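**Q** got a predicted structure here, sequence first:
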Amino acid sequence: MSTPSIGFVGGGRVATILLGGWARAHALPPNLVVSDPDAGVRDRLRGRHPTITCVPTGDPAAARQEVVFLALHPPAFGDALPAVQAALRRDAIVVSLAPRITIARISEMLGGFAGIARLIPNAPSIVNMGYNPIAFGAGLMPNDRERVRALLKPLGDCPVVDESRLEAYAILSGMGPTYFWPQLVELDALGRRFGLSEQESREALRAMAIGTVETLNQSGMSVEAVQDLIPVKPLADAMPALLEAYRTQLTELMDKIRPQSPERR
């Protein structure tokens with residue numbers, strides 16, 4: 001299966017993640033165009049990936065490719081999609097990387113174009129360890145779906161899910177690293193303050209984080225029993241407030257990114 005030509009409408013963080021993962025896996029597509037309004041963003045991408053083409057917003061080259069990634073924040077869709085529609089090939093595949101805007105809504109904004117998928121990208125894709133759930137619109141044939149999944153395979157896992165679950169994945173896996181990175185950075189600093197080298201501290205954190213999740217998944221024990229395996233819990237007093245922040249703030253966020261019904265748009 002040949003690698004399709006790729007366009008990115010938007011060259012910010014999400015584009016950086018996907019391009020970085022492909023490059024690390026030596027799988028950067030040979031024909032790749034990124035459009036972005038910021039010259040600094042374009043220069044940074046060209047500096048990291050000299051083989052790609054970067055163009056300013058308004059240049060239709062990115063939207064003319066075989067697979068077009070919409071690497072935009074949801075509020076930007078209204079302004080950007082008319083120009084995308086004008087440039088799209090009939091046989092193109094459009095992959096949205098944003099929550100909240102449904103396949104049906106994207107199709108409507110693209111004048112009825114049907115070859116659409118939605119992906120919730122995961123930052124660890126940049127080191128080929130991503131978890132990137134994807135939902136396909138009915139207008140994508142099986143061979144088109146396989147082309148997209150083959151393109152995403154170097155980035156990590158890419159499960160096919162129902163579109164109605166994508167926003168839940170956005171909260172859990174898409175934004176999940178932001179919940180843990182500050183804690184891991186602080187633990188790393190403490191490890192070195194307590195006498196570990198950077199390599200020792202980082203390796204211990206890596207093994208601990210992976211093992212923590214796998215103990216929950218594979219031990220066969222109840223959640224309560226797993227949490228009782230370690231008798232000393234130094235942050236027990238702080239945990240109720242942290243868990244309440246998870247419940248309230250992430251529920252509020254879910255309410256904000258949940259797709260609106262047509263009558264509320």
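**A** Okay, I see it.

**Q** for the nearest residue to Val14 once chain neighbours are set aside, give me its contacts.
**A** Leaving aside its sequence neighbours, Val14 sits nearest to Ala71 (C-beta to C-beta, 6 or more residues apart in numbering; 4.6 Å). The C-beta positions use only the backbone N, C-alpha and C, and glycine is treated the same way. Residues near Ala71 by C-beta atoms under 8 Å, 6 or more residues apart in numbering: 8-12, 14-15, 18, 97.

**Q** distance check, the nearest residue to Gly78 once chain neighbours are set aside against Gly10.
**A** Distances taken as C-beta to C-beta, 6+ apart place Met109 nearest to Gly78, at 7.3 Å, with adjacent residues excluded. From Met109 across to Gly10, the span is 15 Å (C-beta to C-beta, to the nearest Å).

**Q** which one of the two has more residues nearby?
**A** Each of Met109 and Gly10 has its neighbours counted (other C-beta atoms under 10 Å); Gly10 has more, 23 against 17.

**Q** need the contact list for the more buried one.
**A** Shown in contact with Gly10 (C-beta under 8 Å, 6+ apart): 34-36, 69-72, 76, 80.

**Q** max pairwise distance over those: which two?
**A** In the contacts of Gly10, two members sit farther apart than any others by C-beta to C-beta. They are Val34 and Ala76, at 15.0 Å.

**Q** so for those two, which residue has more residues nearby?
**A** More neighbours surround Val34 than the other of Val34 and Ala76, with 27 against 15 (other C-beta under 10 Å).

**Q** right, and that one touches Gly12 too?
**A** No: counting by C-beta atoms under 8 Å, Val34 sits too far from Gly12 to count as a contact (9.9 Å).

**Q** pLDDT score for the spatially most central residue of the chain?
**A** By C-alpha atoms, centre = their mean, the chain has its centre lying nearest to Pro121, at 1.3 Å. If you check Pro121, the pLDDT there is 98.

**Q** looks like it contacts Arg13 (just checking).
**A** No: applying C-beta under 8 Å, one finds Pro121 not in contact with Arg13, separated by 9.3 Å.

**Q** what about the residue of the chain most remote from its centre, which SS state?
**A** Distance from the C-alpha centroid of the chain peaks at Pro231, with 36.4 Å (C-alpha atoms, centre = their mean). Following DSSP: H, G, I helix; E, B strand; the rest coil, the label given to Pro231 is coil.

**Q** how close does it sit to Trp22?
**A** Distance from Pro231 to Trp22, by C-beta to C-beta: 45 Å.

**Q** could you do Thr212 as well?
**A** Going from Thr212 to Trp22 by C-beta to C-beta gives 29 Å.

**Q** could you do Ala189 as well?
**A** Ala189 is 32 Å from Trp22, by C-beta to C-beta.

**Q** now do Ala117
**A** 17 Å.

**Q** what about these two, which has more around it?
**A** Ranked by neighbour count (other C-beta under 10 Å), Ala117 and Trp22 place Ala117 first, with 26 against 23.

**Q** and what about the more buried one, helix, strand or coil?
**A** Ala117 ends up strand, using three-state DSSP.

**Q** brilliant, that's me finished.
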